[in-house]
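Engineer: what shape does this take:
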Amino acid sequence: MKLHLVEALQYHERLEELQKAFETARQLVQQCLDDDLQKQQSEDAPENPISVQNIEADEAMQDFKELGDKVIQEIDVSEMIVLINK
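Structural biologist: Residues are numbered from 1 along each chain as shown. Take a look at the predicted model:
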């Protein structure tokens, strides 16, 4: 009878160890998944400063080109030649 009780106790202890190991493994896997999800969300986030800067730089470049086109159209070439020859 004592032998059966000792074996049952050992079985129960091993079972508890396995349950703890599975719980630890589950937590580690969940942590890895959460980290991956957080990285993906931070890369896709609209508040990402790199993508905002790219948009602002693109708009600034377009404004600069438009301003340059207006300035070129307003320049009188013959007036420039007269000013250079003075």
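
Engineer: residue ranges with poor pLDDT in this structure?
Structural biologist: Low-confidence regions of the chain, defined here as pLDDT under 70, cover residues 43-58, 68-77.

Engineer: how about a cut-off of 50?
Structural biologist: In the prediction, the chain carries no residues with pLDDT under 50.

Engineer: determine the longest helix present in it.
Structural biologist: Criterion DSSP state H: the longest helix present in the chain is helix 2-44.

Engineer: okay, now the domains of this protein?
Structural biologist: Taking automatic domain parsing as the criterion, the chain consists of the domains 1-45, 48-86.

Engineer: packing partners for the longest helix of the chain?
Structural biologist: Here helix 2-44 touches no other helix or strand, going by 3 or more C-beta pairs under 8 Å, 6 or more residues apart in numbering; DSSP states H and E. C-beta here means a position set from N, CA and C on the backbone, and glycine is covered the same way.

Engineer: could you export the domains of the chain as TSV, including mean neighbour count?
Structural biologist: As requested, the domains of the chain are exported to TSV (neighbours: other C-beta atoms under 10 Å):
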stretch	mean neighbour count
domain 1-45	10
domain 48-86	9
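
Engineer: look up how far residue 39 lies from residue 32.
Structural biologist: Between residue 32 and residue 39 the computed distance is 11 Å (C-beta to C-beta, to the nearest Å).

Engineer: next one: residue 66
Structural biologist: Residue 66 sits 39 Å away from residue 39, going by C-beta to C-beta.

Engineer: go on, residue 4?
Structural biologist: The gap separating residue 4 from residue 39 is 53 Å, by C-beta to C-beta.

Engineer: neighbouring contacts of stretch 12-25?
Structural biologist: Here stretch 12-25 makes contact (C-beta atoms under 8 Å, 6 or more residues apart in numbering) with no residue beyond itself.

Engineer: could I get it in CSV with only the CA atoms?
Structural biologist: What follows is stretch 12-25 as a C-alpha-only set of coordinates in CSV (Å, rounded to 0.1, in the frame of the first residue of the first chain):
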residue,chain,number,x,y,z
HIS,A,12,1.7,13.9,-9.0
GLU,A,13,5.0,15.8,-8.5
ARG,A,14,6.0,15.0,-12.1
LEU,A,15,2.6,16.1,-13.4
GLU,A,16,3.0,19.4,-11.5
GLU,A,17,6.4,19.9,-13.0
LEU,A,18,5.1,19.3,-16.5
GLN,A,19,2.2,21.7,-16.0
LYS,A,20,4.6,24.4,-14.8
ALA,A,21,6.9,23.7,-17.8
PHE,A,22,3.9,23.9,-20.2
GLU,A,23,2.7,27.2,-18.6
THR,A,24,6.2,28.7,-18.8
ALA,A,25,6.5,27.6,-22.5
